[in-house]
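Undergrad: return a 3D structure for these sequence lines:
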Amino acid sequence: MDHNISLITTIAAGFGMALILGFIAERVRLPALVGYLVAGILIGPATPGFVADMHIAAQLSEIGVMLLMFGVGLHFSLNDLLAVKRIAVPGAVVQMGLATVLGMFMAWWWGWHWSSGLIFGLSLSCASTAVLLKALEARGVLDSMNGRIAVGWLVIEDLVCVLVLVLMPPLAGALGGANAPVADADPLWMTIGITLLEVSAFIALMLVAGRRVLPWLLWQVARTGSRELFTLAVIASAIGIAFGAAQLFSVSFALGAFFAGMVMRESEFSHRAAQESLPLRDAFSVLFFVSVGMLFEPAILVEQPLRVLGVVAIIVLGKMFAALALVLAFRYPLNTALTVAASLAQIGEFSFILAGLGLSLGLLPAEGMSLVLAGALISIALNPFLFAAIAPVQRLLLQRSELARTLERREDPYAELPTSTARQYLEGQVVLVGYGRVGRRIAKALDARGIPYVVAEQNREVVEELRKKGIAAVSGDAVDPAVLVQAHIAHAAMLVVATPDLINVRQMADTARALNPGIEIVLRTHSEDESDLLSKEGVGTVFFGEEELAKGMTRHVLQRFVPGVAVTADRPPA
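TA: All right, here's what the predicted structure looks like:
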């Protein structure tokens, strides 16, 4: 019997080639994403040999987009964004605007229509969520101040891109799109108004009804105890809401899936939902990148090398220097500026989505899609090297540039304690480094017992809020000895480091002991190996998160069965 197995062959070839090339990419210290894109090139029509079904690949990529955006929504935290809003919002808008203008200028130089240049520039302006999160996680800085700023910046870029995706189809006709939807007799302003009204209605429905219905649905499914049903409920919600949003509200699949994830985050099962759906999200995300690679024309690297070089220059140099200048303008340290700049000096999934939609609407020429893909491949491949260059570049700038040294020591009203600070915060106090989730709990306990403390925190906005509440706080990276000096570490009784950064923790401890040999140091870590290493080196008293949780739970259990007897997790009562 003759069967039509184009779906099976497309999936098999896509997964197989992605596995091989993704593995090779990781072995040579490149993101696996590069391997997935190359896999798409090899099974696409631009290269000889087997050619996968482009139509099926396009539909699989749509599912990949839905699940990819669903994952972004699951990790979207409004509180994390608000914590860095003063730098993330203007930074993302200005950087995207600059990259878009540069892209439009370059497209105009090539003789493209201005609307093609607009879509092209927007495609070059948005960084890859997958690449950025993986790079920050690999370096252990995702939960640091630098990581939070980069992620907040990226979230704003994603939201802007989502808005562009919503407005692009109704505006396609006015922009001169060859494949734009047939326009109605309504004027343009009414078309845009109706579109925004539909989007607003969908968002309102999700925020009002969705926040109640989805958590309730997950709770009912979780009560059955079936893991398969729970996973099915999560995936069905993501794809079903995305499809319903497109059919009922004319909203893109991407926006529908994003809000499905964001609403599901409100549920107490959000962590489990993210964990259970991760394998399927990863699988279809791979197919998305493979399908994008199938659209790439490798010949453009030979035929238009200068154009490719110009695109890479905008993505890497233009975006990097824009981010560097903006972060420094907000008086953040040089290391923060370099980290954020390196994080955003690449493009990824949203660029492909924007360029692909522009191509389908006739707003972007096929050459533009290939240039975006070439820029993505090269910028993603260069990104690990940019991160590796942060430390040596910082040292070089501080050694040879008077401007860099001036920026490091420039006056900052939050970099030192006010002269009116009470003496109790200057002698015998606790110096608390970091005011995140752990730091806030420690500070609350110190407040309850009337123990004076000084907070050292990188986020100037947090320091500003603490000052308004009358809490002694200084802004800056506590790795810098000047920050600890301003916190009066020389006369402090204890240093409490509430940030789990092994390298920086050691530097802080060494600086503290040099300034105050008798100070007591308390540290935290996420790794048992790091905990053992720090304890053996005598850096200070080390608390390992999982171990302390186990001790607390064990203590509670043992006290339940032996009331009134003090016990510890590692020494049961006799």
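
Undergrad: chain center to the strand or helix carrying residue 553: distance?
TA: According to DSSP states H and E, residue 553 maps onto helix 545-561. Mean-position distance between helix 545-561 and its chain equals 34 Å (C-alpha atoms, centre = their mean, to the nearest Å).

Undergrad: report the buried residues of it.
TA: 551, 558 (16 or more other C-beta atoms under 10 Å). C-beta here means a position set from N, CA and C on the backbone, and glycine is covered the same way.

Undergrad: just stretch 48-58 next, same as before
TA: 52, 53, 56, 57.

Undergrad: sorry, back to before: which other helices and strands contact the helix holding residue 553?
TA: helix 528-536 (3 or more C-beta pairs under 8 Å, 6 or more residues apart in numbering; DSSP states H and E).

Undergrad: if we go to 10 Å?
TA: strand 520-525, helix 528-536, strand 541-544 (3 or more C-beta pairs under 10 Å, 6 or more residues apart in numbering; DSSP states H and E).

Undergrad: let me see the mean pLDDT of that helix.
TA: In this model, helix 545-561 has a mean pLDDT of 74.

Undergrad: could you pull out the strands in the stretch 351-500 of the chain for me?
TA: 430-433, 453-457, 473-475, 494-497 (DSSP state E, counting those that start in this stretch).

Undergrad: let me have these in a markdown table, extended by mean neighbour count, distance to residue 87 and mean pLDDT.
TA: As requested, the strands of the stretch 351-500 of the chain are arranged in a markdown table below (neighbours: other C-beta atoms under 10 Å; distance: least, C-beta to C-beta, whole Å; pLDDT from 0 to 100):
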| stretch | mean neighbour count | distance to residue 87 | mean pLDDT |
| --- | --- | --- | --- |
| strand 430-433 | 26 | 21 | 90 |
| strand 453-457 | 25 | 14 | 90 |
| strand 473-475 | 25 | 13 | 88 |
| strand 494-497 | 24 | 24 | 88 |
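
Undergrad: show me where the stretch 151-300 of the chain has helices.
TA: 188-205, 211-223, 227-249, 253-264, 270-294, 300-303 (DSSP state H, counting those that start in this stretch).

Undergrad: which of the ones you listed has the lowest mean pLDDT?
TA: helix 188-205 (a mean of 74).

Undergrad: for it, packing partners?
TA: By 3+ C-beta pairs under 10 Å, 6+ apart, helix 188-205 packs against helix 145-171, helix 227-249, helix 253-264.

Undergrad: that helix vs helix 227-249, what angle?
TA: 150 degrees (axes from the mean of the first three to the mean of the last three C-alpha atoms, to 10 degrees).

Undergrad: gap between helix 188-205 and the chain center?
TA: Taking mean C-alpha positions (C-alpha atoms, centre = their mean), helix 188-205 and its chain are 28 Å apart.

Undergrad: TSV please, covering the strands of the stretch 351-500 of the chain and showing distance to residue 93.
TA: Output for the strands of the stretch 351-500 of the chain, formatted as TSV (distance: least, C-beta to C-beta, whole Å):
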stretch	distance to residue 93
strand 430-433	32
strand 453-457	25
strand 473-475	24
strand 494-497	34
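
Undergrad: wait, which of the ones you listed is closest to residue 205?
TA: strand 453-457 (38.7 Å; C-beta to C-beta).

Undergrad: walk me through which strands that closest one pairs with, and which way each runs.
TA: The strands that strand 453-457 pairs with in its sheet are strand 430-433 (parallel), strand 473-475 (parallel) (by DSSP bridges).

Undergrad: can you tell me which of these is nearest to residue 46?
TA: strand 473-475 (51.9 Å).

Undergrad: now the two most distant members of the buried residues of stretch 48-58.
TA: 52 and 56 (7.5 Å).

Undergrad: between the two, which contacts overlap?
TA: With contacts defined as C-beta atoms under 10 Å, 6 or more residues apart in numbering, the residues adjacent to both residue 52 and residue 56 are 6, 9, 10, 11, 14, 291.

Undergrad: quickly find the element holding the fourth one.
TA: Residue 11 is located in helix 6-27, with elements delineated by DSSP H and E.

Undergrad: report the distance from that helix to the chain centre.
TA: Distance of helix 6-27 from the chain centroid (C-alpha atoms, centre = their mean) equals 26 Å.

Undergrad: pull the helix or strand with minimum mean pLDDT from the chain.
TA: In the chain, no helix or strand scores lower on mean pLDDT, DSSP states H and E than helix 528-536, which sits at a mean of 62.

Undergrad: distance to residue 222 for the strands paired with strand 453-457 - can I get that in TSV?
TA: Formatted as TSV, the strands paired with strand 453-457 follow (distance: least, C-beta to C-beta, whole Å):
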stretch	distance to residue 222
strand 430-433	38
strand 473-475	41
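
Undergrad: of those, which is nearest residue 19?
TA: strand 430-433 (42.9 Å).

Undergrad: for the closest one, list the C-alpha coordinates in CSV.
TA: Provided in CSV are the C-alpha atoms of strand 430-433 (Å, rounded to 0.1, in the frame of the first residue of the first chain):
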residue,chain,number,x,y,z
VAL,A,430,25.3,43.9,59.6
VAL,A,431,26.3,44.6,56.0
LEU,A,432,23.7,42.8,53.8
VAL,A,433,24.8,42.3,50.2
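
Undergrad: domain assignment for the protein?
TA: 6-393, 423-561 (automatic domain parsing).
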